[in-house]
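Chemist: this is a predicted model, with the sequence first.
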Amino acid sequence: MRRRLIQSTLAVVLVVIAVFGVSLVIVETRTIGNSAQERVDSEAQKLASIVDSRLIGDARVSGEILKAQVTGQRYAVIRIPGKDPIEVGTKPGGDVIHAKVKGEEGETVVVQEPRSSVTREVGRTLLIIAAVALLAIVAAVLLAVRQANRLASPLTDLAETAERLGSGDPRPRHKRYGVPELDRVADVLDSSAERIARMLTAERRLAADASHQLRTPLTALSMRLEEITLTDDPDTVKEEATIALTQVERLTDVVERLLTNARDPRTGSAVTFDLDEVIKQQLEEWRPAYRSAGRAIVSSGKRHLRAVGTPGAVAQVLAALIENSLMHGGGTVALRTRVTGNQAVIEVTDEGSGVPADLGARIFERAISGRNSTGIGLAVARDLAEADGGRLEMLQAQPPVFGLFLSRTPMKRPQLEEEPTVR
């Protein structure tokens with residue numbers, strides 16, 4: 001592209017120089033020739049005038065007297081009737097510029113100048129024109145190179161940006177070039193880079209959330225299946241299989257919930273449900289894991305509370321809190337229910353050392369963990385709670401107390417005002 005821009009600019013300059021240069025050479029050649037002829041005519045008139053004045057005054061006319069009046073390489077011949085011709089200067093050879101004037105006393109004055117002087121003057125003029133044309137060509141080349149670099153370098157940068165986007169590096173460059181068209185392309189590429197970055201972030205977040213959220217139900221389901229394989233009691237098998245089917249349904253709900261949040265985190269299917277059923281389900285699922293760890297999980301507080309939310313999402317939030325207590329806490333884990341104002345609260349606490357002081361409120365941030373864990377469980381739990389219009393808070397650090405706040409009455413959706421009918 002650089003070569004084409006330089007060649008096109010240089011071609012335009014050469015065409016302009018050719019058109020105007022040839023015209024200027026023709027005009028200057030004619031002007032120099034006419035000027036030389038005018039000088040010769042003027043000198044002939046002047047000599048004739050001098051001769052007339054001396055003849056009228058009966059003064060002597062000689063070559064010595066007129067020699068000072070003939071300048072340069074000119075040659076003059078004065079013919080006075082009845083006298084010998086008077087010659088001034090050296091007679092030129094070859095082509096000459098000629099001027100002949102007849103005086104008032106009958107004399108004839110002829111002035112000649114070699115055309116070579118005109119040729120030399122025309123040559124000097126041509127050299128000046130050629131020098132100016134050469135300077136114009138050099139300036140045009142420099143300008144073309146600068147302009148080509150100014151246009152080609154941004155295109156190279158934009159091509160590199162597009163290549164980076166294609167290779168999975170969506171960082172926007174926010175670089176502009178002062179050319180509206182190129183800046184528009186850069187704006188579009190930066191916008192695309194930001195959209196791709198958001199999409200990649202959402203995909204990575206979905207993968208991390210799915211990995212974390214699915215691990216717990218799969219672990220619980222695996223434990224149920226192990227218990228089924230270890231028992232011969234049909235009633236126990238039936239009971240465990242029923243619980244396993246419930247866990248499969250919950251696992252399906254987890255997957256659907258993750259996909260829904262990936263598309264739009266604000267999308268929810270809140271209904272009024274019984275908190276006791278969700279808490280009972282969690283106790284049944286987690287009791288074997290706590291029993292294996294030599295710990296207990298219990299529930300207490302107000303019974304028969306109804307709250308507004310998505311049962312599957314609430315179950316996931318409680319599962320995250322219970323798992324967090326199993327991994328990082330100690331002693332008995334207690335789920336307590338209570339009422340505050342128009343909200344139902346489920347508190348999850350244990351007898352462990354609590355949340356370290358250096359974590360504090362950052363416990364809900366992603367990648368923040370007190371031990372070697374993923375650090376996204378509480379962050380996902382808070383997102384799920386907020387998606388249903390509730391909230392998840394750490395009420396106390398030592399011993400740890402986490403509270404899930406849910407509304408007890410459905411939220412009224414604002415109705416759109418009907419536009420008046422125009423008749």
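Modeler: Looks like it came in fine.

Chemist: and the one helix or strand Val40 maps to, average pLDDT?
Modeler: Here Val40, judged by DSSP states H and E, is contained in helix 2-56. Mean per-residue pLDDT for helix 2-56: 83.

Chemist: what do you get for stretch 348-365?
Modeler: Averaging pLDDT along stretch 348-365 gives 80.

Chemist: how about Ala36, nearest residue that isn't a chain neighbour?
Modeler: Counting by CB to CB, 6 or more residues apart in numbering, the nearest residue to Ala36 once its immediate chain neighbours are dropped is Val118, at 4.7 Å. Where C-beta positions appear, they are placed from N, C-alpha and C, glycine not excepted.

Chemist: same question for Tyr177.
Modeler: Closest to Tyr177 by CB to CB, 6+ apart is Pro154, at 4.1 Å.

Chemist: which helices and strands sit right next to the helix or strand hosting that neighbour?
Modeler: Secondary structure from DSSP H and E places Pro154 in helix 115-166. Other helices and strands packing on helix 115-166, by 3 or more CB pairs under 8 Å, 6 or more residues apart in numbering; DSSP states H and E, are helix 2-56, strand 96-102, helix 180-230.

Chemist: of these, which is nearest Gln147?
Modeler: For the helices and strands packed on helix 115-166, distance to Gln147 was read as CB to CB. The smallest value, 6.4 Å, belongs to helix 2-56.

Chemist: chain center to the closest one: distance?
Modeler: Centroid displacement of helix 2-56 relative to its chain, using CA atoms, centre = their mean, to the nearest Å, is 56 Å.

Chemist: same thing with stretch 350-367?
Modeler: Between the centre of stretch 350-367 and the centre of its chain there are 40 Å (CA atoms, centre = their mean).

Chemist: secondary structure element for the closest residue to Arg74 other than its chain neighbours?
Modeler: Counting by CB to CB, 6+ apart, Glu113 is the residue found nearest to Arg74 once chain neighbours are left out, at 4.8 Å. Counting by DSSP H and E, the secondary-structure element that holds Glu113 is strand 108-114.

Chemist: any idea of the angle that strand forms with helix 115-166?
Modeler: Following axes from the mean of the first three to the mean of the last three CA atoms, to 10 degrees, one obtains 40 degrees for the angle between strand 108-114 and helix 115-166.

Chemist: shaky segments in the stretch 301-423 of the chain?
Modeler: Low-confidence segments of the stretch 301-423 of the chain, defined by pLDDT under 70: 360-361, 366-377, 411-423.

Chemist: okay, strands next: where are they in it?
Modeler: With DSSP state E, counting those that start in this stretch as the definition, the stretch 301-423 of the chain shows strands at residue ranges 306-309, 333-340, 343-349, 391-396, 401-407.

Chemist: between those, which one is closest to Ala48.
Modeler: Proximity to Ala48 (CB to CB) singles out strand 391-396 among the strands of the stretch 301-423 of the chain, at 118.7 Å.

Chemist: distance between the closest one and the chain's centre?
Modeler: When distances are taken as CA atoms, centre = their mean, strand 391-396 is centred 42 Å away from the chain's centroid.

Chemist: am I right that Ile17 is in contact with Val138?
Modeler: No. The pair Ile17 and Val138 does not pass the contact test of CB atoms under 8 Å, sitting 11.8 Å apart.

Chemist: more neighbours: which of the two?
Modeler: Neighbours around Ile17 and Val138, counted as other CB atoms under 10 Å, are more numerous at Ile17. The numbers are 19 against 10.

Chemist: how about that one: what's its closest non-neighbour residue?
Modeler: Take Ile17 and drop its neighbours on the chain: the residue closest to it by CB to CB, 6+ apart is Ala133, 4.8 Å away.

Chemist: distance of that neighbour relative to Ala144?
Modeler: 16 Å (CB to CB, to the nearest Å).

Chemist: give the contact list for Ala296.
Modeler: Neighbour list for Ala296: 290, 332-333 [criterion: CB atoms under 8 Å, 6 or more residues apart in numbering].

Chemist: and the helices and strands packed on helix 115-166, which is most packed in?
Modeler: Comparing those on average neighbours per residue, with mean count of other CB atoms under 10 Å, the densest one is strand 96-102 at a mean of 17.

Chemist: how big is the angle separating that strand from helix 2-56?
Modeler: Using the same axes, to 10 degrees: strand 96-102 against helix 2-56 is 30 degrees.

Chemist: tell me which strands and helices strand 96-102 is in contact with?
Modeler: helix 2-56, strand 108-114, helix 115-166.
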